[in-house]
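Asks: 3D, please:
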Amino acid sequence: MKKILSFLLIVMLIATTLLVGCGKNAKSDTANTNTVPNKSTATSSKVKLVVWHYWDGQQQRDALQKLIDKFNASQDKIEVSSVFIPRTELTKQLTMGVVANKLPDIAIVDNPDMASFASMGIFADITDKVAPIKDEFYTGPISSCELNGKYYGVPFGSNDLALFYNKDMLSAENIQPPTTWDELKIAAKKLTKPGATYGLAIAAPKNEEGTFQFLPWLLSTGAKFNEIGSPQGIKALSYLTDLIKDHSMSGEVINWTQNDLEKQFVTKKAAMIVDGPWIINTIKSDAPSLNWGVVKIPKDKIFSSDLGGENWGIIKGPHEAEAWQFIKFTEQKNIMIEYAADFGYIPPIKDIAENDDAITKDPVMSVFLDELQYAMPRGPHPKWPQISDAISTAMQESFTQIKTPEQAAKDAQVKIDSIIK
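Replies: Residues are numbered from 1 along each chain as shown. The predicted structure follows:
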């Protein structure tokens with residue numbers, strides 16, 4: 001009964017938000033709401049499935065359409081189409097769609113959002129289908145699809161974070177790419193040139209992107225995602241704060257996004273950055289003559305990275321079997337290798353990724369592949385957004401020295417403990 005009342009309250013709150021928002025952007029909200037198609041329909045010859053996604057980039061849209069076209073051409077029983085839902089609207093549309101019966105058959109979601117949607121009862125429990133094949137996937141990606149021992153999705157594509165470094169700058173200082181926190185601290189200090197270059201840069205805005213960048217440091221100490229207030233968590237926050245204090249890292253990182261890091265790197269304002277494979281082509285385009293490389297994020301106790309990427313989620317309904325048939329098609333080796341390359345992903349299935357020459361023989365992508373074995377999901381937890389906010393707030397408070405790392409971490413821990421009770 002409590003779950004039902006809680007869900008109805010969420011729906012009422014979102015409905016209120018939508019009504020308030022109409023006054024500011026009526027045309028956009030109306031367009032998004034009215035053009036959302038209903039769940040799949042069956043014609044005399046085909047079952048029609050609808051996939052929702054939030055990609056606004058043309059590369060991702062084209063890649064998804066190419067994948068769908070291949071499936072549609074492979075058989076004559078099911079026809080799949082896709083619909084773009086802005087990321088800021090996706091949660092609202094999925095939640096309100098339960099009441100209005102305007103849901104897709106499949107949704108592509110950011111992996112940390114999986115647990116939240118599953119807890120709402122939107123996704124079908126597909127444990128019977130996933131359990132027999134779960135060991136085929138990397139631990140991080142498949143773990144992001146699990147909640148309370150049940151599986152509500154399948155990894156679509158994966159990525160992670162690693163350390164980009166300027167080879168010429170390191171060579172000039174006779175520095176080898178760092179592998180430990182101690183080595184990184186020494187390297188960052190030597191590479192820093194006041195007024196010109198910082199040794200290291202990360203993205204630390206007060207949002208999910210900041211949390212995404214902090215978690216590898218937290219997890220490397222041996223702490224879990226919800227243990228920022230532990231001695232290990234305080235150690236991680238203190239380590240990064242100290243890099244700002246000794247000017248090896250700019251205090252402006254609290255305003256920088258991961259795209260900003262790429263600009264700092266190609267303009268040689270940062271000798272090393274923590275970022276993902278999505279910036280590789282941009283670096284090559286912005287600075288074709290730049291001599292750079294990638295290594296795993298230096299470790300404290302263990303190597304660690306943060307899991308990025310998306311998951312498939314099958315919406316509860318009459319065509320779960322057909323939706324699963326489509327997803328299984330995408331898991332074929334040749335199909336997954338092709339779409340992963342189109343999206344810039346690492347295939348989440350171990351055997352496929354580790355036998356993809358385009359990844360294993362590439363000096364950059366092979367590092368991200370190696371890092372994937374250490375990449376852990378954010379959470380999973382139904383209230384991940386609130387947990388993430390507490391973590392990114394602690395980063396801001398510590399990096400700006402409003403609070404000591406210890407106080408910021410402990411205050412965040414109090415918030416997290418109250419969230420997960």
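Asks: was I right about Ala408 contacting Ser398?
Replies: Yes: using C-beta atoms under 8 Å, Ala408 makes contact with Ser398 at a distance of 4.2 Å. In this view, the C-beta of every residue, glycine as well, is placed from N, C-alpha and C.
Asks: Pull up the overlap in contacts between those two.
Replies: Contact criterion C-beta atoms under 8 Å, 6 or more residues apart in numbering; residues shared by Ala408 and Ser398: Leu237.
Asks: would you list every one of the helices in the stretch 201-350 of the chain?
Replies: Using DSSP state H, counting those that start in this stretch, the helices of the stretch 201-350 of the chain run over 208-220, 231-245, 258-266, 280-286, 320-330, 333-343, 350-353.
Asks: I'd like those as JSON lines, with mean pLDDT appended.
Replies: Formatted as JSON lines, the helices of the stretch 201-350 of the chain follow (pLDDT from 0 to 100):
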{"stretch": "helix 208-220", "mean pLDDT": "97"}
{"stretch": "helix 231-245", "mean pLDDT": "98"}
{"stretch": "helix 258-266", "mean pLDDT": "95"}
{"stretch": "helix 280-286", "mean pLDDT": "92"}
{"stretch": "helix 320-330", "mean pLDDT": "98"}
{"stretch": "helix 333-343", "mean pLDDT": "94"}
{"stretch": "helix 350-353", "mean pLDDT": "96"}
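Asks: Can you say which of these is packed in most?
Replies: helix 208-220 (a mean of 24; mean count of other C-beta atoms under 10 Å).
Asks: Show me what the residue positioned nearest the centre of the chain bridges to in the sheet.
Replies: Residue closest to the average C-alpha location in the chain (C-alpha atoms, centre = their mean): Gly308, at 3.0 Å. Per DSSP bridges, the residues bridged to Gly308 are Asn159.
Asks: was I right about it contacting Gly276?
Replies: Yes: counting by C-beta under 8 Å, Gly276 is a contact partner of Gly308 at 6.1 Å.
Asks: what touches both of the two?
Replies: 159-161.
Asks: Could you dump these into CSV and include neighbour count and pLDDT?
Replies: CSV is the format used below for these (neighbours: other C-beta atoms under 10 Å; pLDDT from 0 to 100):
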residue, neighbour count, pLDDT
Asn159, 24, 95
Asp160, 29, 96
Leu161, 27, 97
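Asks: Switch those residues over to CSV; also include distance to Ala201.
Replies: Shown next, in CSV, are those (distance: C-beta to C-beta, whole Å):
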residue, distance to Ala201
Asn159, 19
Asp160, 18
Leu161, 13
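Asks: quick check, nearest of those residues to Asp135?
Replies: Here the nearest of these to Asp135, counting by C-beta to C-beta, is Asp160; it sits at 19.8 Å.
Asks: does that closest one really touch Glu371, like I thought?
Replies: Yes: the pair Asp160 and Glu371 qualifies as a contact (C-beta under 8 Å) at a distance of 5.0 Å.
Asks: intersection of neighbour lists for the two?
Replies: Common neighbours of Asp160 and Glu371 (C-beta under 8 Å, 6+ apart) are Ser305.
Asks: Next one: Asn174 relative to Ala187, how far apart?
Replies: Computed with C-beta to C-beta, to the nearest Å, the distance linking Asn174 and Ala187 is 11 Å.
Asks: For the two, indicate the residue with more neighbours.
Replies: Ala187 (24 against 7; other C-beta atoms under 10 Å).
Asks: Retrieve the pLDDT associated with Ser119.
Replies: At Ser119, the model reports a pLDDT of 92.
Asks: List the contacts of the residue nearest to Ser158 when sequence neighbours are not counted.
Replies: Distance criterion C-beta to C-beta, 6 or more residues apart in numbering; nearest residue to Ser158, sequence neighbours excluded, is Gly309 at 4.0 Å. By C-beta under 8 Å, 6+ apart, the contact set of Gly309 is 111, 141, 155-159, 345, 348.
Asks: just those residues now: which is nearest Thr257?
Replies: When those are compared for distance to Thr257 (C-beta to C-beta), Asn159 wins out at 15.9 Å.
Asks: Would you confirm that that closest one contacts Pro347?
Replies: No: counting by C-beta under 8 Å, Asn159 sits too far from Pro347 to count as a contact (10.9 Å).
Asks: hang on, the earlier thing: per-residue pLDDT, the residue nearest to the centre of the chain?
Replies: 94.
Asks: next one: the one 4 residues further on
Replies: Trp312 carries a pLDDT score of 98 in this model.
Asks: Around it, how many other residues sit close by?
Replies: Residues contacting Trp312 under the criterion other C-beta under 10 Å number 25.
Asks: gap between it and Val109?
Replies: 8 Å.
Asks: hey, what's in contact with both of those two?
Replies: With contacts defined as C-beta under 8 Å, 6+ apart, the residues adjacent to both Trp312 and Val109 are Gly153.
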